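Visitor: let me see the structure of the following:
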Amino acid sequence: MAIGADDAQPVQHDSLPPVTLGWFLKRTLVGIAILMVAMGSLAWLTYASIDPDLDASPATANMPLDAPARLIPIDL
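Guide: Numbers count the residues shown, from 1 in each chain. Here you go, the predicted model:
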């Protein structure tokens, strides 16, 4: 038995609800909230990864505040 185009079931077109302003605003706010949580977590993890013992390293702790910086010329 061969199956032809006449034997196929008609395609039902399920109409999708139209995109409304409320739908758009809700999706935008959810996206912004996800972005803020992600960036806040990244900032917190970056801040937490700073070792407080390295802030006052011995190389800079003994240097006087009015000492001039060493300038090294770089040939480009």
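
Visitor: show me where this protein dips below the pLDDT cut-off.
Guide: Across the chain, the ranges flagged by pLDDT under 70 are 1-7, 55-69.

Visitor: all helices of it, in order?
Guide: Remark: helices assigned in the chain by DSSP state H are 21-48, 58-61.

Visitor: please identify the most buried of these.
Guide: Of all the helices of the chain, helix 21-48 has the most neighbours on average by mean count of other CB atoms under 10 Å, namely a mean of 10. Placement of C-beta: from N, CA and C, glycine included.

Visitor: run the chain-centre distance for it.
Guide: Centroid displacement of helix 21-48 relative to its chain, using CA atoms, centre = their mean, to the nearest Å, is 8 Å.

Visitor: which secondary structure elements does that helix contact?
Guide: Based on contacts counted as 3 or more CB pairs under 8 Å, 6 or more residues apart in numbering; DSSP states H and E, there is no element that helix 21-48 packs against.

Visitor: circling back: got CSV for the helices of the chain, with distance to residue 71 too?
Guide: Shown next, in CSV, are the helices of the chain (distance: least, CB to CB, whole Å):
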stretch, distance to residue 71
helix 21-48, 31
helix 58-61, 17
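
Visitor: how about those, which one is nearest residue 8?
Guide: Taking CB to CB, helix 21-48 is the member of these nearest to residue 8, at 34.0 Å.

Visitor: gap between residue 15 and residue 24?
Guide: With distances taken as CB to CB, to the nearest Å, residue 15 is found 19 Å from residue 24.

Visitor: same deal with residue 52?
Guide: According to CB to CB, residue 52 stands 45 Å off from residue 24.

Visitor: how about residue 13?
Guide: Counting by CB to CB - residue 13 and residue 24 are separated by 24 Å.

Visitor: go on, residue 14?
Guide: 21 Å.

Visitor: still on that earlier bit, nearest to residue 74 among the helices of the chain would be which one?
Guide: Nearest to residue 74 among the helices of the chain is helix 58-61; the distance by CB to CB comes to 21.2 Å.
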